[in-house]
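Peer 1: quick one: sequence and predicted model below, then my questions.
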Amino acid sequence: MRSTRSLQRGFTLIELLVVIAIIALLVSILLPSLGKARDLAKAAITLSNQKQFTLATLNYATDNREVLSGYTPPEANPGGTTWTIRMFAGENAPPVVRTVASEVEWMSLRGYDLIFRNSTPEYLLAPGSVPTNWLPQINYSHLPLVAYMSKRLPDPVILGAADIQRQDWQYRLRIGSRPETIAGLGGPATAEYRYPYSSSFSYALHATFPDRDGATGNIRQADHVGVFFVTPSPTFRLSRRRASDVASPARKVAWVEAFARHSGNKRLPAFFMNNRAEPIASFFDGSARFIKSADASRGAYTLANGTVIEPLSLTYDRNGVVEDLPWTNNANTYTGPELRGQIRWTKGGLKGFDFTGN
């Protein structure tokens, strides 16, 4: 009887290298697909968050006599030249009463008051030192909606999924960092306090400002995107816009990504007024989708006498936006035909439209 011995044979070096090469090839084929799937998932989250914002906006209007903005000043004090606000000063503390000389100042204080009421009380600034020279509608129009929906700040729903900067700011708030130490953008502490509570999304400004300039007062874009000319007056009423004022809900943008983080150069996203930008936007009919800023109607102002000023000629200045991001050509400032004021300043206001079709 003959016995046989089975010989055990290992891989040769060449065979091992071939296997490694095959695995590397498969990984190189799969990684772009995995990366694309991850990008699509982030875009879906951002789109969902914007849709929630729009639905919250419409629900808020339903519950508040169709009023679109939560920054609605009260009637003026007797005499018509001052407005009063009672600001939250902490649990079990009496409110701080401040009287200001314009509706714009009242709205500035209202922005901080919403932060104070819905975030960590021990991080309160002294309410008497809160600045009144900023417009909360630019990056903080979401605050009344947060107070309406969740009463929680920071709230992840106010962010786009690819907004790494604000995600970091929110994380640091949650672990106990003081708001004014987080942003580090070189501004005064009272300004930096609000930065970590800002949103990735910009709201239609005509939802707060009238479709036409007032006869004796106005709020207009200055030559830079982050600077505004404000000339309020008792006859120029703010934040009285209603959902029924929107003439074409399916064609009028309600919320838009401030920077298009899900298209183009993701390391250097384009500002939404850049004609190369393809941000996610939601509309007053509750829909949300990617748009091309170049396809939007040209931005314009309509004066009280009906005269239309267009096109708007603006400069992008990185110092004028909270994100501190440069223009897509990596310059600090940019002036040119690509910055037309579209979406932010719609010709015809809420009665106009940003896009010609659905």
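Peer 2: Structure's in. What do you need?
Peer 1: before we move on, what SS does S108 have?
Peer 2: helix (DSSP: H, G, I helix; E, B strand; the rest coil).
Peer 1: hmm, I was thinking of G79
Peer 2: coil.
Peer 1: I85 too?
Peer 2: strand.
Peer 1: how about the helices of this protein, start to end?
Peer 2: Under the criterion DSSP state H, the chain contains helices at 13-63, 103-118, 143-149, 164-174, 189-192.
Peer 1: what's the closest of those helices to F259?
Peer 2: helix 164-174 (9.9 Å; CB to CB). Yep, even glycine has a C-beta here, placed from its N, CA and C like the rest.
Peer 1: can I get the closest one in PDB, CA atoms only?
Peer 2: Taking C-alpha atoms only, helix 164-174 is exported to PDB below (Å, rounded to 0.1, in the frame of the first residue of the first chain):
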ATOM      1  CA  ILE A 164     -17.900  72.100   8.600                       C
ATOM      2  CA  GLN A 165     -17.200  75.500  10.100                       C
ATOM      3  CA  ARG A 166     -20.600  76.000  11.700                       C
ATOM      4  CA  GLN A 167     -20.700  72.300  12.700                       C
ATOM      5  CA  ASP A 168     -17.500  72.900  14.700                       C
ATOM      6  CA  TRP A 169     -18.900  76.000  16.200                       C
ATOM      7  CA  GLN A 170     -22.000  74.100  17.400                       C
ATOM      8  CA  TYR A 171     -20.000  71.300  18.800                       C
ATOM      9  CA  ARG A 172     -17.900  73.700  20.800                       C
ATOM     10  CA  LEU A 173     -21.000  75.300  22.200                       C
ATOM     11  CA  ARG A 174     -22.300  71.900  23.200                       C
END
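Peer 1: residues in contact with that helix?
Peer 2: Residues outside helix 164-174 that contact it (CB atoms under 8 Å, 6 or more residues apart in numbering): 119-120, 154, 156, 159, 179, 182-183, 195-196, 198-200, 323.
Peer 1: give me that answer again for 6 Å
Peer 2: Residues outside helix 164-174 that contact it (CB atoms under 6 Å, 6 or more residues apart in numbering) are P154, L159, I182, P196.
Peer 1: from the middle of its chain, how far away would that helix be?
Peer 2: Relative to the centre of its chain, helix 164-174 is centred 15 Å away, using CA atoms, centre = their mean, to the nearest Å.
Peer 1: now stretch 92-99
Peer 2: 29 Å.
Peer 1: using CSV, write out every CA atom in it.
Peer 2: The C-alpha trace of stretch 92-99 is given here as CSV (Å, rounded to 0.1, in the frame of the first residue of the first chain):
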residue,chain,number,x,y,z
ASN,A,92,-35.6,84.2,37.7
ALA,A,93,-34.2,87.6,36.7
PRO,A,94,-36.4,90.6,35.7
PRO,A,95,-36.2,91.5,32.0
VAL,A,96,-34.0,94.4,30.8
VAL,A,97,-36.2,97.0,29.2
ARG,A,98,-34.5,98.9,26.3
THR,A,99,-35.9,101.7,24.3
